[in-house]
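Q: what shape does this take:
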Amino acid sequence: MPFSKRVGSYLEQHHIKANNVPAELLNRHADQLALVTKKFGLNDNKQVQIDTTIARLNDAMGKCERIKNTIFPKSYSLLIHFLIYLLTSILPFGLEDSFPAIEIVLTIIISSTFIAVEKTAIIMQDPFENSPTDIPMTALCAVIENNIKEICSDTVIPAIQTDSYYYIN
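A: Sure thing, here's the model as predicted:
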């Protein structure tokens, strides 16, 4: 899977090479958090919060991987495509013939709507491909990072700065 330039440079800088990069990153974070716990002597409550957060991250990562690796059969897409074009081709016969101009406009509007919904579904079936319609993973990761910093520290962590960009290249 190709990574964005930012992620690729991070992986290269930290010498991360694994078959499952997200799992490797989570393992490294868990190791670093264990070192922080030993070094700064975090109390048991904070340690339990951190462990719970890591377990939840691992569960969420597994769910995301299952979504990412779900394959939509080509027959599903072809069937939907066929049914939409069948509906749009027989639609004019079901409309009243009193006003042909309205019939033409209605046929175009209804057909365009169904085709647009199909195209939108095709675009959105891969939510982790780093395109504008995808899940904002970088922003979600920044929120998680900020939350972990708040758990590990007694000081106030500054709020996350929002980017003006729609997505990360």
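Q: what segments of this protein are helices?
A: Taking DSSP state H to define them, one finds helices in the chain at 5-13, 21-40, 44-69, 74-94, 100-124, 137-152.
Q: residue furthest from the geometric center of the chain?
A: Checked against the mean C-alpha position of the chain, the extreme residue using C-alpha atoms, centre = their mean is Ser98, at a distance of 48.4 Å.
Q: for that residue, grab phi and psi.
A: Here the main-chain torsion angles of Ser98 (degrees, to the nearest 10) amount to phi -70, psi -40.
Q: so, low pLDDT: which residues of this structure?
A: 1-2, 130, 153-155, 161-169 (pLDDT under 70).
Q: which residue packs closest to Leu87, ignoring adjacent ones?
A: Closest residue to Leu87 apart from its sequence neighbours, by C-beta to C-beta, 6 or more residues apart in numbering: Phe114 at 6.7 Å. Backbone N, C-alpha and C define where each C-beta goes, glycine included.
Q: nearest residue to the residue nearest in space to the middle of the chain other than its sequence neighbours?
A: Central residue of the chain (C-alpha atoms, centre = their mean): Ile135, 3.0 Å from the mean position. Here the nearest residue to Ile135 in space, its sequence neighbours aside, is Pro127; by C-beta to C-beta, 6+ apart that works out to 4.9 Å.
Q: now do the contacts for that neighbour.
A: By C-beta atoms under 8 Å, 6 or more residues apart in numbering, the residues touching Pro127 are Ile67, Lys68, Asp134, Ile135.
Q: and those, which is closest to Arg6?
A: Distance ranking of the contacts of Pro127 against Arg6, using C-beta to C-beta, places Asp134 first at 15.1 Å.
Q: correct me, but the closest one touches Phe128?
A: Yes - taking contacts as C-beta atoms under 8 Å, Asp134 lies within contact range of Phe128: 6.2 Å.
Q: what about the nearest residue to Ala159 once chain neighbours are set aside, distance to Leu140?
A: Residue nearest to Ala159 in three dimensions, not counting chain neighbours: Asn146, with 8.0 Å by C-beta to C-beta, 6+ apart. The span separating Asn146 from Leu140 equals 11 Å under the rule C-beta to C-beta, to the nearest Å.
Q: tell me how many other residues surround the residue nearest to Ala159.
A: The local packing of Asn146 (other C-beta atoms under 10 Å) involves 14 other residues.
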